[in-house]
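1. Sharing a model prediction with you, sequence too.
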Amino acid sequence: MQTVRIAPQGDRITDSEIVAKIRSGDSQAYAELVKSHYPRVRSLCLCLLSNSSESEDAAQEIFLKAYRFLPQFKSDSSFSTWIYRIASNHCLDVLRRQARHKTESLDAPTGEENESGQARPRSDVSEPDSSAVFENKDLVRRVLERLSPEHRVVLVLKETQGLSYLEMSKALDCTIDAVKGRLKRARAELGEIARHFEEPSGV
């Protein structure tokens with residue numbers, strides 16, 4: 001069996017060079033990409049799925065999927081952004097399946113709902129500071145579980161993964177303006193849900 005060569009820290013080869021090696025027939029080189037990007041992909045999955053076992057399975061499936069679709073990877077973009085796109089789409093599919101199979105409906109954070117049945121953000125409040133919510137890990141977990149899958153993904157990419165608007169636009173395959181719009185709506189939903197948890201019981 002061919003031994004995977006991990007380059008010394010001072011002589012680390014780039015992702016593009018590793019991809020070139022794989023395309024030239026060195027399939028074992030893929031282990032180098034996995035080693036480099038697995039921690040962040042696993043972290044993204046854990047933030048989105050909130051379950052360690054499911055996150056581990058999802059991360060492994062994501063890298064298997066990335067390997068299958070590697071011939072479609074365009075080297076003019078970064079591998080990290082490309083793997084984020086695959087990871088985001090995969091986790092979205094998982095979250096949507098979970099939502100379809102959910103038998104118990106949760107109470108809406110406010111008494112007002114829109115046509116889709118989701119809580120409509122109140123118009124009398126300003127956009128919340130989502131960074132404050134993300135400082136409380138327990139609150140983050142509970143709030144994220146109540147967010148719609150699309151809003152959960154965009155918030156996690158921004159607040160926990162630290163992606164720029166440009167990186168998010170590539171990962172989500174949309175324009176920067178679309179990213180900003182989704183993020184604004186996601187923060188509004190996040191604020192409503194966070195207020196619901198913080199309200200005293202009986203109020």
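-> Perfect, I can see it now.
2. Against which helices or strands is the helix or strand harbouring Arg97 packed?
-> For Arg97, the host element (DSSP states H and E) is helix 79-101. Counting contacts by 3 or more C-beta pairs under 8 Å, 6 or more residues apart in numbering; DSSP states H and E, helix 79-101 packs against helix 15-23, helix 30-49, helix 52-68, helix 149-159, helix 165-172. Where C-beta positions appear, they are placed from N, C-alpha and C, glycine not excepted.
3. in the third one, what's buried?
-> What it means is helix 52-68. Using 16 or more other C-beta atoms under 10 Å as the test for burial, helix 52-68 gives Glu54, Ser55, Ala58, Ala59, Ile62, Phe63, Ala66.
4. between that helix and helix 15-23, how many degrees?
-> Helix 52-68 and helix 15-23 are oriented at 70 degrees to each other (axes from the mean of the first three to the mean of the last three C-alpha atoms, to 10 degrees).
5. Same check on the shortest one?
-> Angle between the axes of helix 165-172 and helix 15-23 is 20 degrees (criterion: the same axes, to 10 degrees).
6. Helix 165-172 - what's its average pLDDT?
-> Mean per-residue pLDDT for helix 165-172: 92.
7. buried ones in that helix?
-> Glu167, Met168, Ser169, Lys170, Ala171, Leu172.
8. And the contacts of that helix?
-> Contacts of helix 165-172 with the rest of the structure, by C-beta atoms under 8 Å, 6 or more residues apart in numbering, involve 77, 81, 84-85, 88, 153-154, 157-158, 163, 175-176, 178-180, 182.
9. quick one: contacts for Ile176?
-> Here Ile176 is in contact with Tyr165, Leu166, Met168, Ser169 (criterion: C-beta under 8 Å, 6+ apart).
10. Between which two of the residues you listed is the distance greatest?
-> Using C-beta to C-beta, the two most remote members of the contacts of Ile176 are Leu166 and Met168, lying 7.3 Å apart.
11. Wait, Val153 touches His90, no?
-> No. With contact defined as C-beta atoms under 8 Å, Val153 does not count as touching His90 (10.6 Å).
12. Tell me which of these two has more neighbours.
-> Val153 (25 against 20; other C-beta atoms under 10 Å).
13. distance of the nearest residue to the more buried one once chain neighbours are set aside from Val154?
-> Leaving out its chain neighbours, the residue that sits closest to Val153 by C-beta to C-beta, 6 or more residues apart in numbering is Ser88, at 5.3 Å. The gap separating Ser88 from Val154 is 9 Å, by C-beta to C-beta, to the nearest Å.
14. Alright, I will stop here.
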